[in-house]
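Student: for reference, the sequence and a predicted model appear below.
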Amino acid sequence: MTSPVSALKPPVWSRESLSEMVSESLKDYRLICVANREPYSHEFTSSGIRCVEPASGVVSALDPVMQATGGTWVAHGSGSADWETADAAGRLRVPPDLEKYTLRRIALSRAEEDRYYYGFSNEALWPLCHIAYQRPVFEQDDWDCYRRVNEKFADAVVEETGAKRPLVFIQDYHFALLPRMIKQRLPGAVVFQFWHIPWPNPEVFRICPWKREILEGLLGNDLLSFHIQYHCNNFLDTVDREMEALVDRDKFSVTCHGSSTAVRPQPIGVDFESMSDESADPATEETALDFRRAHGLEGQKILLGVDRLDYTKGLLERLEAMDRLLRRHPEHAERICMIEVGVPSRSRIETYRRFADEVGGRVEEINRKHATSSWKPVLFLKGHRERRDLIPLFRMADVCVVTPVHDGMNLVAKEFIASREDRQGVLLLSSFAGAARELTQALLVNPYAVDAMAEVMHEALRMPPQEQEERMDRMREIVREQNVYKWVGKLLQLAVRLEPS
């Protein structure tokens, strides 16, 4: 019998319900998604050209929307064989064999990619928005190229607009100038954007030499969304400080130059059902056992980290906490192992190359200090891992350690929860990750307080199974309900209710 409380719960969003919603709600719109990353790329291999689907929560959520609407996805064509598989304008129909919507690839030169993506996006905006004490690099040439690339994408959006009303969904910080550019070309378009990284406070943002141009660009949106309310508040405070604009804190909107922008939080999620089902597959447990045997981990408790090799992820602080845990609690020696999956990231940037070397060096140092003839405390797995490779690791981990010094959300925390259909495991989570606002049953830590973090690791390793179950049940309920399909569905619903300003 269904309880009165559960009967009142709204149905959980799914891939199918999202497709049904957009088929009805967006039938009068031409949906154009703009992202730096493409949903399908083509690569040369020894056996010929292969189609690759990047592992991305955003792609997994938006792909069914695009298939249901038959719209266009505009992205940087970065695959080695991308231009052999597209027409002269960079267009092709995707997914392969189904051909439900159009992918429009934008060609960028090596110099454009260096300055727009690696330069301004990731050496200026990324450290500026992540308060991680990494100084942003502001180069005029990078900024000029960033502006030109945004113009190139704006021109492509106009070219992809058909007879229907344009509904343009822009992804992330690579396109801060794009909304205003689109509005200037297509005044009747509905334009909305999700900013996937944090927005800093006004004192931090004011150091950017082009702060007004960025704010002007973003205020071209009809809707601008962040993961959490705190980042929305920071954005409104920044506009209030830097612009001659009307900031309405009751309606959470900004009116500037006669146009209005709604500012709303909408936390992103993961494909909960898919990950939970995959975790429950007996083959996943067998893969986890094989991994333990291959690395000599039988009988050991596992602390697991899965991160890009990025200075915002708190890797050095986490390793220092592991070192101190073993010094303060020597009873853990030969009984635990920290597995760190380090995914190379932005290796064309010197800061990232140095950071990856520093992490590797710190791992070697800890292993030299604490290892025995038959055991080492840290297993560092450097390289890319597919989701199917990560789920067995999530399933076998006793503690998942997610300790960014600043993060918009952090989906690793949610992927771990989704992978624990056995209701066991402990999530140790930085209070500076957006996910900490939702996952309050995690053990929250300050990654800068390394001694305290070491003690929380000790607590996590000793948590009774019953307490693990109780905490995990609550977090799984949240992650199941706040999934990736709800994220995109709610944004689309809000966007189509807005009148273009």
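Tutor: Now that the structure is in, tell me what you want to look at.

Student: and stretch 160-171, how far from the chain's centre?
Tutor: Relative to its chain's centre, stretch 160-171 lies at 24 Å (C-alpha atoms, centre = their mean, to the nearest Å).

Student: domain map for this protein?
Tutor: As recorded under automatic domain parsing, the domains making up the chain are 12-269+485-497, 272-481.

Student: for the record, mean pLDDT for the last one?
Tutor: Same thing as domain 272-481. Here domain 272-481 scores 97 as its mean pLDDT.

Student: where does the residue of the chain most remote from its centre fall, phi/psi-wise?
Tutor: Relative to the centre of the chain, the most outlying C-alpha is that of S373, 39.5 Å out, by C-alpha atoms, centre = their mean. Backbone torsions for S373, taken as degrees, to the nearest 10, come to phi -70, psi -20.

Student: buried ones in stretch 159-166, by neighbour count?
Tutor: 160-161, 165-166 (16 or more other C-beta atoms under 10 Å). Heads up, the C-betas are built off the backbone N, CA and C, glycines and all.

Student: can I get the residues you listed in TSV including pLDDT, secondary structure and distance to E43?
Tutor: Shown next, in TSV, are the buried residues of stretch 159-166 (pLDDT from 0 to 100; DSSP: H, G, I helix; E, B strand; the rest coil; distance: C-beta to C-beta, whole Å):
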residue	pLDDT	secondary structure	distance to E43
E160	96	helix	25
T161	94	coil	30
R165	92	strand	36
P166	95	strand	31
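
Student: out of those, give me the two with the largest separation.
Tutor: The distance between the two most remote of the buried residues of stretch 159-166 (C-beta to C-beta) is 13.4 Å, for E160 and R165.

Student: the closest residue to R115 other than its chain neighbours and R346: what is the separation?
Tutor: Excluding the flanking residues, the one nearest R115 by C-beta to C-beta, 6 or more residues apart in numbering is C145, at 3.6 Å. For C145, the distance to R346 equals 17 Å [C-beta to C-beta, to the nearest Å].

Student: neighbour count: the two, which is higher?
Tutor: C145 (22 against 19; other C-beta atoms under 10 Å).

Student: sec struct for the more buried one, please.
Tutor: helix (DSSP: H, G, I helix; E, B strand; the rest coil).

Student: quick one: it and Y116 touch, right?
Tutor: Yes. Between C145 and Y116 there is a contact at 4.9 Å, judged by C-beta atoms under 8 Å.

Student: need the contact list for F44.
Tutor: Neighbour list for F44: 80-81 [criterion: C-beta atoms under 8 Å, 6 or more residues apart in numbering].

Student: can you give me phi and psi for it?
Tutor: The phi/psi pair for F44 (degrees, to the nearest 10) is phi -70, psi 130.

Student: begin at 35 from here
Tutor: That works, and once the first residue is 35, the last one we named lands at F78.

Student: for it, list each beta-bridge partner.
Tutor: Note on F78: beta-bridge partners I83, judged by DSSP bridges.

Student: roughly how far does the closest residue to P73 other than its chain neighbours sit from C67?
Tutor: Leaving aside its chain neighbours, P73 sits nearest to V93 (4.8 Å; criterion: C-beta to C-beta, 6+ apart). Counting by C-beta to C-beta, the gap between V93 and C67 amounts to 10 Å.

Student: could you pull up phi and psi at D305?
Tutor: The phi/psi pair for D305 (degrees, to the nearest 10) reads phi -80, psi 80.

Student: oh sorry, the question was meant for G376
Tutor: phi -110, psi 110.

Student: what sits against it?
Tutor: 341-343, 349, 390, 393, 414-417.

Student: out of those residues, give me the one that has the most neighbours.
Tutor: Ranking the contacts of G376 using other C-beta under 10 Å puts L349 first, with 28 neighbours.

Student: for A279, see how far away I248 is.
Tutor: Distance from I248 to A279, by C-beta to C-beta: 14 Å.

Student: neighbour count winner among those two?
Tutor: More neighbours surround I248 than the other of I248 and A279, with 21 against 18 (other C-beta under 10 Å).

Student: and for the one helix or strand the more buried one maps to, what's in contact with it?
Tutor: Assigning secondary structure by DSSP states H and E places I248 in helix 245-252. Contact with helix 245-252 is made by 181, 184, 210-215, 227, 229, 239, 242, 258, 269, 272-273, 276-277, 290, 295, as judged by C-beta under 8 Å, 6+ apart.

Student: same check on stretch 265-283?
Tutor: Counting by C-beta under 8 Å, 6+ apart, 229, 232-236, 239-240, 245-246, 249-250, 252-253, 258, 260, 286-290, 297-299, 442, 468 sit against stretch 265-283.

Student: before we move on, back to that, let me know the closest of the contacts of G376 to R219.
Tutor: R342 (34.7 Å).

Student: residues contacting the nearest residue to the closest one once chain neighbours are set aside?
Tutor: Nearest residue to R342, sequence neighbours excluded (C-beta to C-beta, 6+ apart): S379, at 4.0 Å. Contacts for S379 (C-beta under 8 Å, 6+ apart) come out as 342-344, 386.

Student: swap in 6 Å and give it another go.
Tutor: For S379, the contact set (C-beta atoms under 6 Å, 6 or more residues apart in numbering) comprises 342-344.

Student: phi first, then psi, for L337.
Tutor: phi -100, psi 130.

Student: counting neighbours, what do you get for it?
Tutor: With other C-beta under 10 Å as criterion, L337 counts 27.

Student: hmm, it is touching V435, no?
Tutor: Yes. In this structure, L337 is within contact of V435 by C-beta atoms under 6 Å, at 5.4 Å.

Student: ok, what's across the strand from the spatially closest residue to Q263 that is not a sequence neighbour?
Tutor: Leaving aside its chain neighbours, Q263 sits nearest to P299 (4.7 Å; criterion: C-beta to C-beta, 6+ apart). For P299, the beta-bridge partners under DSSP bridges are F260.

Student: distance of P299 relative to D344?
Tutor: Taken as C-beta to C-beta, the span from P299 to D344 is 23 Å.

Student: which of these two has more neighbours?
Tutor: Neighbour count, other C-beta under 10 Å: between P299 and D344, D344 has more, with 23 against 16.

Student: how near is that one to S112?
Tutor: D344 is 19 Å from S112, by C-beta to C-beta.

Student: sorry, back to before: higher neighbour count, V93 and C67?
Tutor: Higher neighbour count among V93 and C67: C67, with 25 against 21, using other C-beta under 10 Å.

Student: pretty sure that one is touching W107, no?
Tutor: Yes. Counting by C-beta under 6 Å, C67 touches W107, with 4.7 Å between them.
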